[in-house]
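*Asks:* kindly generate the corresponding structure for this input.
(chains A, B and C)
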Amino acid sequence: MTEISLISSPPPQRRRLLPSLLRNKAGLAGIVIVALIVVNALGAEHLAPLDPLRRNLSLKLLPPAWLDGGNPRYLLGTDSQGRDLLSRIIFGARTSLSVGLAAVALSSLIGLALGLLAGMAGGRVDLLIMRVIDAMLAIPTMLFMLVVALVAGSGLLPLVVVIAATNWVGCARIVRADVLGIKEMDYVAAARASGASPLGLILRHILPNILSSFVVVSTLNVGTVILAESSLSFLGFGIQPPEISWGQMLSEGRQYLATSWWVATFPGVAITLTVLGVILLGDWLRDHLDPRLA
Amino acid sequence: MGISGLLRWPALAIAAALSFSGLQASSAETLTIAQGNDILSLDPANHGNNSTESALVNIYDYLVNKDFSQGQLRFTPRLAVSWSSDDNIHWTFKLRDDVYWHNGDKFTAQDVKFTIERSQQDKKLISSAKFRRIKTVEAPDETTLRIETDGPDTLLLHAFVGNGAGILPKAAFEKAGGREEFFKQPVGTGPYVFKRWVKSDRLVLAKNPRWWGGTPKWDDVVIRSIPETTTRVAELLTGGVDIAVNIPPEDIARLNDNKGTRAITFDIARNLALHVRTGKDRVTGDPRVREAIDLAIDRDAIVKQVLEGHGAPTRGFFPPAIPGFAPELSRAIRFDPERAKALLREAGFSDSKRPALKISTPSGRYVKDREIVEAVAGYLEDVGFRAQVEVLDWTVYNNKLVGDGFGEIYLWGMGSYTDASTLFVDNFKRHYEWSDPAFDALAASVRQAKSEAERIAISQKGQEIVADQRVRIGLLFPQSIYGVSDRVVYNGRFDEMIAAEDVSRP
Amino acid sequence: MNGRSPLRALLQFLPVLYIVSVIVFVLVYLTGDPSALLIPEDASEEDRLALVAAWGLDRPFYIQYLRYMGNILTGDFGVSYRYGTDALPVVLERIPATLQLTAGGLVVAILIALPTGIFAALRRNSLPDFAISAVTVLGKAMPNFWVGIMLILVFGVWLRLVPVSGSGGFSHLILPAITLGTGFAAELTKLIRSSLLEVMGQDYVRTARAKGLPETRVVLRHGLRNALIPAVTMTSLHAIALLGGALVTETVFSWPGLGQLVVQAIYTKDMAVIQIAVFVITIMALTINLATDALYRLIDPRLAR
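*Replies:* Coordinates of the predicted model:
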């Protein structure tokens, strides 16, 4: 399959971050959004106005405070169990981000290792890895995730494993393509000819060169993972209580969309906003690290 | 005219121009029913699924009718006009003489004999065990059927209703040359004839003009599969379907406020109960802890607030219409958190040493299942438990059930039963790690019960033992909620079968 | 992959098919046996065990696998536990609906992306360009089922413009196609914009511009052809992903495609159906790849060499 390689030949130039950021409003917005969410996730205990797990059935499905019947204590209203939506969304940021970061870290590591191995070793090893990658690409991602989820069970850790088990493929392909490109460049070939060890070669020449595309792909992947988590929740394999995630809130709230719109709408906005921030950040990183497209 | 009114005019014009079939489906002579899942099979003996049976009752007939309309199970004539037995071992059925199969063949006692024997012989059929107690079937003439059971069987009529009970044609089946071929274009004696089945989408049936019961009420019956609740409700609101099953309680007001639709609620053959481990290595091994759980739960509040009143609190396991219902278990249900706390203290627990337990629940399988369990967990926390809720997908849930992988408690919604003796079918060693000599004696004797009254007495006694020892802690009898279009008159059935003949025009 | 022969591509795919079948068999086996999901609710444990024995589900793993592979080699693709019939037709009858939906989603995406992508490239860094970027990113950031349900509520229930769900006429395809198309339209718009911009900086385009040709013509004549190659690549990758991956959209709109079939097959552990479905999807993916290769040559005859 034809690769959409994000970077090919020129070694990245060091450009200064801040001026670039100020020029790119979208990137700035992305950073601000992501920073806000990270702060929310880290400081959930201090920021959430109420206990996100405290149910009160007599206060179920309260509308947001500014609407008729709203209660000022529950700014964004309550869910079907009478729990505070705002607090749940704030705590949900923690789960969604942890799943996103952990799954991406794991899949990037797998992808990096296999991509490096395939690219550096070549020959049969490369062939085998590429065949497995082809097989993975032939199985629809969601289906693969569902089957793995059935085996792994539901919960935070299984979810990370499930997503990582499918997500490494793209990363591996890009790393391999980059390695192949860089390996042929003059100065790398020269280093090889002068007898540098494979490990030294990887550390000194290959890694620094693929770092930028690696970072970009991984960043954009965080968005994909957060969306995947919500799809898995929709299909019944998400985070389970008492853990809170946006995908789970959205999926459980969707049956109230027509009657109590806020239950699903606010988590939906949270997901959209976060993915938006991540995409903007990733795009800016790409423009910045790979000036070819800027 | 508001914004929606302004937008609606051009919208209507475009809709008229598009002329789509969605609206045509609601022409006066077609009945459209939306179920939550697709039918699994056209073979009545090979699905094990309530909503599949609900569709198939329109194509095939049972030997007898199960009739819950009087609030109690009664068997009434269907393909059989009468039946008798002196000893509950030797049975004689008299069959109708005016019944024809959809292909024009005449229905005879040979067909019933064939249906029973096919099911017994093909072990791969999901309902293969349906007629296990029948030893021999004879068809001495076209309208007489003689059956001998392997002992006194007061439940024989129950075997002739429900999953696997639809009668199949011997001649047509054999002529088709096999199961697979026959069910491509199946033939029954019911009021509607099979036309086509688009899997995951719809089953289409047409009127059987030669039906023995008279002229069927509808020209066509379409049974659609719409798994997503929001979509099912939306179809009902827009007139795409006439009846939509499994409506969440929150949508009742919306359906009633909408012009042209309403919600109906009715009792069904189902109960929700907590199934509890009693092994000594668990906190729930202590009877006092189990009693504390029983007393800590405010069933009234759960029914009122989670189900919006559409259910009945109980400690029992079979609703009143089921033979063997134990009335005591639905009377004077205690909610006593103080006593529950005291019991926990007696059992040696305190604020610094709280009993921890896990409750598992599926999500979306039974009405408000997860919400009910979360509420139960809340009540248990209130009296001093540390309750962890585990929500699982239905597939994983069943795996855990078979593999005995649950924690202390899991929620189970038994249903689709026709008799309380179903209680004894369960294996109480698995999960519950429970055995009780009195209960085991009852389980051994129920199959040999000589009379209906004896069987009912055994079932009731069994339920009381299970409830008193809190092996199962009954929570409630849920109601079913359907959305119904004003184009049709329908009130719902206790066994959740939607026979098109029960639906009429206003 | 460009320029290789169809036969070689097919041969290369055989080991892939084999690896796929092994992965799927192992995973589905690990999820346990389906008996508990099949039996009637009031059946006993004995009934369940009898069924397990009748289906051979109590045999050791390797025996089940050998029997399974042996059957496939003799052309017997197995029986669906769920439907109790041959599994092959169960899968094959879903293909038309799946192709309709896939095509619908792609058409919607292309109809949106082509004009907006070109427009954004022509007016780069203008306000409309930023607006288009913002909307496309938003389209990608929204969960699929959420978009679908909102479309149903707005266009189905509120405006009553289109049927809510199911398959049938062309009008039934509109909402699910839009649901599938929007997310991809976002990516495609961005790709078309950036590849157009990339081409614009190159010498021959500068030359054309220097000759005094109007900007729009320069873009359409020279830019678009080059921008098409990555767009076709992305579209074909996406088409492959949609073949079995539209399951969320299919569920929301109760569209009888492969995605829904496989999800239900996974829920009920219907091994034969899952295997054949993945098989069929793989073969369709291969076909799309070959078609894409042919399309490349059509767009750029230089690749035919």
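*Asks:* just name the shakiest helix or strand of chain A by mean pLDDT.
*Replies:* helix A:17-23 (a mean of 67; mean pLDDT, DSSP states H and E).
*Asks:* after it, which helix or strand is next?
*Replies:* Moving toward the C-terminus from helix A:17-23, the next helix or strand (DSSP states H and E) is helix A:25-42.
*Asks:* what sits up against that next one?
*Replies:* A:20-22, A:47, A:90, A:93-94, A:97-98, A:273-274, A:276-285, A:287-288, C:130, C:133-134 (CB atoms under 8 Å, 6 or more residues apart in numbering or on different chains). Yep, even glycine has a C-beta here, placed from its N, CA and C like the rest.
*Asks:* and what of stretch B:108-116?
*Replies:* B:45, B:63, B:79, B:93, B:95, B:131, B:134, B:137-145, B:166-170, B:173.
*Asks:* what do you get for stretch A:200-211?
*Replies:* Identification of contacts with stretch A:200-211 by CB under 8 Å, 6+ apart yields A:7, A:11-12, A:116, A:120, A:175, A:178-179, A:182-183, A:187-188, A:191-192, A:196.
*Asks:* so B:Asn271 touches B:Ile473, yeah?
*Replies:* No: applying CB atoms under 8 Å, one finds B:Asn271 not in contact with B:Ile473, separated by 11.2 Å.
*Asks:* for those two, indicate the residue with more neighbours.
*Replies:* B:Asn271 (25 against 20; other CB atoms under 10 Å in any protein chain shown).
*Asks:* so which bits of the stretch 101-250 of chain A are right by chain B?
*Replies:* Within the stretch 101-250 of chain A, the positions adjacent to chain B are A:149-150, A:153-154, A:236-237, A:240-242 by CB under 8 Å from any CB of the partner chain.
*Asks:* which ones among those residues lie within helices?
*Replies:* Cross-referencing those against helices under DSSP state H gives A:149-150.
*Asks:* get me the contact residues on chain B for chain A.
*Replies:* Checking chain B against chain A by CB under 8 Å from any CB, the hits are B:229-230, B:233-234, B:248, B:250-251, B:253-254, B:301, B:305-306, B:363-364, B:370-371, B:374-375, B:378, B:388-396.
*Asks:* what residue in chain A is the furthest from its centre?
*Replies:* Ranked by distance from the centre of chain A (CA atoms, centre = their mean), the top residue is A:Ser194, with 40.3 Å.
*Asks:* and the top helix by length along chain A, what's buried?
*Replies:* Longest helix in chain A by number of residues (criterion: DSSP H): helix A:85-121. Neighbour counts over helix A:85-121 (16 or more other CB atoms under 10 Å in any protein chain shown) mark A:85-104, A:106-108, A:110-112, A:114-120 as buried.
*Asks:* tell me how far the next helix or strand after that helix lies from the chain's centre.
*Replies:* Toward the C-terminal end, the helix or strand that comes next after helix A:85-121 (DSSP H and E) is helix A:123-138. How far helix A:123-138 lies from its chain's middle: 24 Å, per CA atoms, centre = their mean, to the nearest Å.
*Asks:* which strands or helices does helix A:123-138 pack on?
*Replies:* Applying 3 or more CB pairs under 8 Å, 6 or more residues apart in numbering or on different chains; DSSP states H and E, we find helix A:123-138 packed against helix A:85-121, helix A:156-183, helix C:6-30, helix C:271-299.
*Asks:* what does that helix rub up against?
*Replies:* Here helix A:123-138 makes contact (CB under 8 Å, 6+ apart) with A:1, A:114, A:117-119, A:144, A:166, A:169, A:172-173, A:176, C:13, C:15-17, C:19-20, C:23, C:240, C:278, C:281-282, C:285.
*Asks:* that one: which residues count as buried?
*Replies:* By neighbour count with 16+ other CB under 10 Å, helix A:123-138 contains the buried residues A:126, A:129-138.
*Asks:* now stretch C:205-214
*Replies:* Buried-residue list, stretch C:205-214, by 16+ other CB under 10 Å: C:205, C:208-209.
*Asks:* need the residues you listed in a markdown table with secondary structure, distance to chain A and pLDDT, can you?
*Replies:* Output for these, formatted as a markdown table (DSSP: H, G, I helix; E, B strand; the rest coil; distance: CB to the nearest CB, whole Å; pLDDT from 0 to 100):
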| residue | secondary structure | distance to chain A | pLDDT |
| --- | --- | --- | --- |
| C:Val205 | helix | 16 | 73 |
| C:Ala208 | helix | 22 | 75 |
| C:Arg209 | helix | 20 | 74 |
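*Asks:* which among those residues gets closest to chain B?
*Replies:* Each of the buried residues of stretch C:205-214 was checked against chain B using CB to the nearest CB; the closest is C:Val205, at 42.3 Å.
*Asks:* got the contact list for the nearest residue to C:Met271 once chain neighbours are set aside?
*Replies:* In space, and not counting its chain neighbours, C:Met271 is closest to C:Val28: 5.1 Å by CB to CB, 6 or more residues apart in numbering or on different chains. By CB under 8 Å, 6+ apart, C:Val28 lies in contact with A:147, C:266, C:269, C:271, C:274-275.
*Asks:* CSV for those, including pLDDT and neighbour count?
*Replies:* Output for the contacts of C:Val28, formatted as CSV (pLDDT from 0 to 100; neighbours: other CB atoms under 10 Å in any protein chain shown):
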residue, pLDDT, neighbour count
A:Val147, 79, 25
C:Ile266, 82, 26
C:Lys269, 79, 26
C:Met271, 80, 25
C:Ile274, 86, 26
C:Gln275, 83, 22
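*Asks:* now which of the residues of the stretch 101-250 of chain A next to chain B would you call buried?
*Replies:* A:149-150, A:153-154, A:236-237, A:240-241.
*Asks:* need the max-distance pair from these.
*Replies:* Largest separation among those by CB to CB: A:Leu150 and A:Pro241, giving 19.7 Å.
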